[in-house]
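Visitor: below are the sequence and a predicted model for it; my questions follow.
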Amino acid sequence: MFLPENIQNCIDLLENAGFAAYAVGGCVRDACLGLTPHDYDLCTSALPEQTEAVFRDYRLVLAGEKHGTVTVITEDGPVEITTFRTEGGYRDNRHPDWVKFVPDIEGDLARRDFTINAMAYSPKRGFADPFGGRGDLENQILRAVGDPVSRFQEDSLRILRGVRFAARFGLTPEENTLNAMLSQRHLMEHLARERVFEELCKLLLAAKAEDITRFARILAAVISELGPMIGFDQHSPHHAYDLITHTAYVVEGVPATLPLRWAALLHDTGKVTTFTRDATGRGHFYGHAKESAAIAGGILLRLKAPTALREEVVTLIGRHMTRLQPERKWLRRQVSKFGFSMVESQLALQEADMGSKGTGEDDGSAVFSAVRGLLAELKAEDACLCLKDLAVNGNDLMALGYRGKAIGICLNALLEQVVDERLPNERKALLDWAAETQKDW
Ligand code: ATP
Ligand code: MG
């Protein structure tokens, strides 16, 4: 296994001082898969104070020392070095109740969640894989280390981590692991919301449609609003899929950004509560965009999502039924009001939504590409579509005699003229118009 120089160097320093040292966890798993690890965690037989002594010439961060972690600041970034340890349950749902240092690598690997994450590598001592993680990776199996029920009872976040690893690496949970994921999923209710949110974000960025459907019941244990969507027949000629399957395709269909993936997951939550059937038996969902936006806002608040993300998701969902039109003036107004990035996201969500009905009917792709083309044109023109791009500012209007609220009102009126292409974004034209308008006030 290839190790970057700074990692190799840390291992050498520990080994030369008489301690065992390994790269461990995610980096070993990623290397087995032929992927480049995004970071390298090290573990060692050295106790924290011994690690500190070995790295006395380095800058250290000791915040995790109680749990055995010393962070060494190397020339290529921080490296976490953790003493071999086992740990007790997670009664506060965040931190292990206790950790106990152990003398060898096997004891440390046994506390880890899944076999694929319980491998270590040392250039001197070789590969440590006591639970068969490499074989499971080859066979694409997700398997808990030890008894899955008690491992999930110790820390139920492992259930959601399992879903994430299964999605990311295309793994199938082995039978006992899957049964325990399902039977213990209610325990996730007690987890700290931030941990759940963070894990869901990682999952959403990796998920394919089938991951949402195959793990729907587990997801519904942390987002209860998804529960009634499972198997929900829309009774509509426009929808071949039940609500959760449609949702799953939309998640896969949008680009992997957090606002879009969250908006896709929650965009139809309001269909459950707005569902009605007409005399012919056909289903309708009047006002579901607004309803879904409100539900999504509540979910993201509960999960303690950052405000900016929550607001973007709520806006996107609230507007997901407002069809974008390939009409220049209308689009200029939309961009002026919501910004390029929001309109582009709206387009991506609508495209995925229309393309995920499973009926084979027109998915509107011609209209969507026309909208995309127009947006690209607007971008290329570098058109003035917001106040800061206007060729005049408040000071210019004050020089004309504008005062107080009138300044803002006039600037917005000028922007409207420019957005609608009734005035060019040129200083003289704008000032003339402002001076002329002032006479009427
Ligand atoms: P990623 O590439 O997403 O960072 P990772 O496997 O490195 O994946 P981390 O959350 O960084 O995941 O954790 C590092 C290692 O610590 C894991 O590989 C696993 O061995 C162990 N681990 C992390 N969280 C838990 C947990 N809740 N229970 C048991 N072991 C865990
Ligand atoms: Mg990691």
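Guide: Received the coordinates, thanks. The structure presented is a predicted model; accordingly, all values stated were derived computationally and were not measured. Residues are numbered from 1 along each chain as shown. Ligands and ions are numbered 1, 2, ... in the order given.
Visitor: need the contact list for Tyr121.
Guide: Residues in contact with Tyr121 (C-beta atoms under 8 Å, 6 or more residues apart in numbering) are 1, 22-24, 28, 31, 127-128. From N, CA and C alone the C-beta is placed, and that goes for glycine too.
Visitor: ok, which pair from those residues is furthest apart?
Guide: Ala31 and Ala128 (13.6 Å; C-beta to C-beta).
Visitor: which element is encountered next along the chain beyond the longest helix along the chain?
Guide: Taking DSSP state H as the criterion, the chain has its longest helix at helix 365-381. For helix 365-381, the following helix or strand on the C-terminal side (DSSP states H and E) is helix 394-399.
Visitor: who's in contact with the helix or strand just after that next one?
Guide: Downstream of helix 394-399, the first helix or strand assigned by DSSP H and E is helix 405-419. Residues outside helix 405-419 that contact it (C-beta under 8 Å, 6+ apart): 332-333, 336, 384-387, 390, 392-394, 397-398, 402, 423-425, 430, 433-434, 437-438, 441.
Visitor: how does it look with 7 Å?
Guide: For helix 405-419, the external contacting residues (C-beta atoms under 7 Å, 6 or more residues apart in numbering) are 332-333, 336, 384-385, 387, 390, 392, 394, 397-398, 402, 423, 425, 430, 433-434, 437, 441.
Visitor: same deal with stretch 277-292?
Guide: Under C-beta under 7 Å, 6+ apart, the answer for stretch 277-292 is 234-236, 266-271, 273-276, 317-318, 320-321.
Visitor: in it, which residues are buried?
Guide: The neighbour-count check on stretch 277-292 (16 or more other C-beta atoms under 10 Å) flags 283, 285, 288-289, 291-292 as buried.
Visitor: just the endpoints, please. Distance across it?
Guide: In stretch 277-292, first residue to last residue: 19 Å (C-alpha to C-alpha, to the nearest Å).
Visitor: give me the angle between the helix or strand hosting Ser336 and helix 365-381.
Guide: Taking DSSP H and E as the definition, one finds Ser336 inside helix 328-338. Counting by axes from the mean of the first three to the mean of the last three C-alpha atoms, to 10 degrees, helix 328-338 lies at 70 degrees to helix 365-381.
Visitor: check whether stretch 114-124 comes near ligand 1.
Guide: Yes - for stretch 114-124, a contact with ligand 1 is found by C-beta under 6 Å from any ligand atom, at 117-118.
Visitor: CA atoms of that stretch as CSV?
Guide: Taking C-alpha atoms only, stretch 114-124 is exported to CSV below (Å, rounded to 0.1, in the frame of the first residue of the first chain):
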residue,chain,number,x,y,z
PHE,A,114,-17.7,-2.8,9.8
THR,A,115,-15.1,-5.3,8.5
ILE,A,116,-14.2,-3.1,5.6
ASN,A,117,-13.3,-0.4,8.1
ALA,A,118,-11.4,-2.7,10.4
MET,A,119,-8.2,-3.2,8.5
ALA,A,120,-4.7,-1.8,9.2
TYR,A,121,-1.4,-1.7,7.3
SER,A,122,2.1,-1.3,8.5
PRO,A,123,5.1,-1.2,6.0
LYS,A,124,7.1,-3.2,8.6
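Visitor: quick one: buried residues of it?
Guide: 114-122.
Visitor: cool, stretch 305-322 as well?
Guide: 305, 309-310, 312-320.
Visitor: what's it in contact with?
Guide: By C-beta under 7 Å, 6+ apart, the list of residues contacting stretch 305-322 reads 197, 258-259, 262-263, 266-267, 289-290, 292-293, 296-297, 300-301, 342, 345-346, 349-350, 353.
Visitor: now stretch 108-116
Guide: 25, 29, 43, 84-87, 102, 118, 120, 128, 130-133, 136-137, 142-146, 151, 158, 161-162, 165.
Visitor: report the contact partners of the residue of the chain at minimum distance from ligand 1.
Guide: Distance from ligand 1 to each residue of the chain (C-beta to the nearest ligand atom) is smallest for Gly26, at 2.3 Å. Gly26 makes contact with 37, 117, according to C-beta under 7 Å, 6+ apart.
Visitor: for it, phi and psi?
Guide: Per-residue torsions, Gly26: phi -50, psi -40 (degrees, to the nearest 10).
Visitor: ok, back up a step: next step: the buried residues of stretch 114-124 restricted to strands.
Guide: Among the buried residues of stretch 114-124, the members found in strands (DSSP state E) are 120-122.
Visitor: now stretch 270-289, how far from the centre of its chain.
Guide: Distance, stretch centre to chain centre, for stretch 270-289: 30 Å (C-alpha atoms, centre = their mean, to the nearest Å).
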